[in-house]
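J.: No letters, just coordinates:
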Ligand SMILES: Cc1cc2nc3c(=O)[nH]c(=O)nc-3n(C[C@H](O)[C@H](O)[C@H](O)COP(=O)(O)OP(=O)(O)OC[C@H]3O[C@@H](n4cnc5c(N)ncnc54)[C@H](O)[C@@H]3O)c2cc1C
């Protein structure tokens, strides 16, 4: 039995499996296997609509088992690829034992990942926008911000709650900001105390114009349209950092916000990065047949592959259109190899490009014809509906869209998971970490940087009572005594901290005597220190 093993359940992986099933339907000597973290394919072009709820969360995904019924699906995480031994190792399932899959042909279709590495605070505070879970988290976060803004009395905090920043003016950033803008402005009408004029939606983009993938005229149209709808364009700027309170731009500007969406940085999948093969910008270099040079039987397609299109000689952009066409060519070439026939070279000229701008408008370039407004939007919907795999999904999405034309946006906040008990936070220089009088909700441990503990009188700092550095903690007294904080803590320089929430702290404090002793000793020392605030720090 020959095994073709596909890694990745995105467009490239699933379309490879679907094509192989069709081409190999008369052969029983070839097993097709597909390993993916999820058992569904996400139709990413429709992900931005999950933010506004104009498409139901589950309607953008299709079970892989239904699309590829003859493929053995391994819903596992790939942990290692050994090209010499021709074996792939995956995570274990219910039983904690190693799981290895040998292959004759390997298709690497693992996509890329969102990476905020290197920019302080982005990992901790920016919301990625790539996977299904990201769209749900973002939607819930936006509704949460509106809920908080409705009852917040502090004007500064309310401003941050009502400011929404999206970083990245490419396709996914523009589509996301358009949906977010429509959703926030429409939903805010249901909140009694929110002044609609106070809402800010900002798109930060590093170049002079958004949508660099589109012709200039269309991109400018999209820009003007978004501006008319209230999106502020912050062009030729980059987001270089973030805190829980603001987005930091490369010119030193701080935009106070509680919602920063990062659509820009994508990095190589770590599994791909670890392979000993040639790479171009982190993507696996393949030959014209989509095979990895020097590794017969190893193939790659989609966002993780560096593919040169034969007719233009240009590298393919990372789009779903290209991933699906590459998958079909790659599958045909695997079958040709199995049957000893000549293989074909990948050639594909896209028919056009479309970007949705919310509110029944879009921009499009189809067969060289440029369209915008309602017609482009209608085309966008029709084309994507046709492309969506599975009849039941098409029907569900068509129904979602029809209902969306007449119903107001849904503002239900789904609280799906507990917020992490242990989290990392980043603060820039001179930021308030907590204020005197606040409720003690977290314990803080300094990873790097320095903070100062300040006593305040009627909102004005009267004395700096302590300075703390790496390895020191603060905030324990208010947690132990259940009293409001009696001092303000602010950062002296950029600071990274680990924080533990109240519930987790109390669990550990109650059940771990050495930890209890440690904190009791610390509190006693700090209480006897004349400089330290009497009950908190
Ligand atoms: C918001 C958004 C909007 C977009 N809009 C458009 C659009 O309008 N038009 C367009 O053409 N393109 C669009 N794109 C781009 C398009 O979605 C991608 O180019 C396409 O999904 C790439 O497919 P892929 O199979 O190569 O990678 P992916 O779709 O990223 O799939 C990779 C797969 O590998 C799996 N995987 C990764 N690591 C592991 C592991 N260790 N173990 C197991 N499985 C793993 C993942 O779970 C996933 O299933 C959009 C992208 C986004 C994020």
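T.: Received, thanks. All of these numbers come straight from a predicted model, not from anything done at the bench.

J.: and the protein, which of its residues are near the ligand?
T.: 8-13, 35-38, 44-45, 47-48, 77-78, 109-111, 129-130, 171-172, 269, 271, 302-304, 318-321, 323 (CB under 6 Å from any ligand atom). For every residue, glycine as well, the C-beta is placed using N, CA and C.

J.: Find the nearest non-adjacent residue to the residue nearest in space to the middle of the chain, please.
T.: Centroid check for the chain by CA atoms, centre = their mean gives residue 128 as the closest residue, at 2.4 Å. Beyond its immediate neighbours in the sequence, the residue positioned closest to residue 128 (CB to CB, 6 or more residues apart in numbering) is residue 114, lying 4.1 Å away.

J.: and the gap between the one you found and residue 411?
T.: Separation of residue 114 from residue 411 (CB to CB, to the nearest Å): 27 Å.

J.: repeat for residue 439
T.: In this structure, residue 439 lies at 27 Å from residue 411, with CB to CB as the measure.

J.: returning to that earlier point: please check the residues of the chain next to the ligand and keep the buried ones.
T.: Of all those considered here, the ones buried according to neighbour count by 16 or more other CB atoms under 10 Å are 8-13, 35-36, 38, 44-45, 47-48, 78, 109-111, 129-130, 171-172, 269, 271, 302-304, 318-321, 323.

J.: Where does the stretch 151-300 of the chain get nearest to the ligand, which residue?
T.: When distances are taken as CB to the nearest ligand atom, the stretch 151-300 of the chain approaches the ligand most closely through residue 172, which lies 3.6 Å from it.

J.: Ramachandran angles for the residue in the stretch 201-350 of the chain positioned nearest to the ligand?
T.: Taking CB to the nearest ligand atom as the measure, the point where the stretch 201-350 of the chain comes nearest the ligand is residue 302, at 2.1 Å. When quoted as degrees, to the nearest 10, the phi and psi of residue 302 stand at phi 90, psi -160.

J.: Same question for residue 285.
T.: The phi/psi pair for residue 285 (degrees, to the nearest 10) is phi -80, psi 130.

J.: Next up, the contacts around the closest residue to it other than its chain neighbours.
T.: Residue nearest to residue 285 in three dimensions, not counting chain neighbours: residue 278, with 4.4 Å by CB to CB, 6+ apart. With contacts defined as CB atoms under 8 Å, 6 or more residues apart in numbering, the neighbours of residue 278 are 284, 285, 293.

J.: Next, count neighbours for the first one.
T.: Under the neighbour criterion other CB atoms under 10 Å, residue 284 is assigned a count of 27.

J.: what do you get for residue 311?
T.: For residue 311, the count of nearby residues is 10 (other CB under 10 Å).

J.: Low-confidence ranges, the stretch 51-200 of the chain, go.
T.: In the predicted model of the stretch 51-200 of the chain, residues 95-96 satisfy pLDDT under 70.

J.: show me the contacts for the residue of the stretch 201-350 of the chain closest to the ligand.
T.: With contacts taken as CB under 8 Å, 6+ apart, residue 302 has the following neighbours: 8, 10, 11, 12, 13, 109, 111, 318, 322, 323, 326, 327.

J.: Would you reformat the residues you listed as CSV and include distance to residue 19 and secondary structure?
T.: As requested, those are exported to CSV (distance: CB to CB, whole Å; DSSP: H, G, I helix; E, B strand; the rest coil):
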residue, distance to residue 19, secondary structure
8, 15, coil
10, 15, coil
11, 12, helix
12, 11, helix
13, 11, helix
109, 12, coil
111, 18, coil
318, 20, coil
322, 15, helix
323, 12, helix
326, 11, helix
327, 6, helix
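
J.: Go through those and name the one with the lowest pLDDT.
T.: Model confidence across the contacts of residue 302 bottoms out at residue 318, which has 88.
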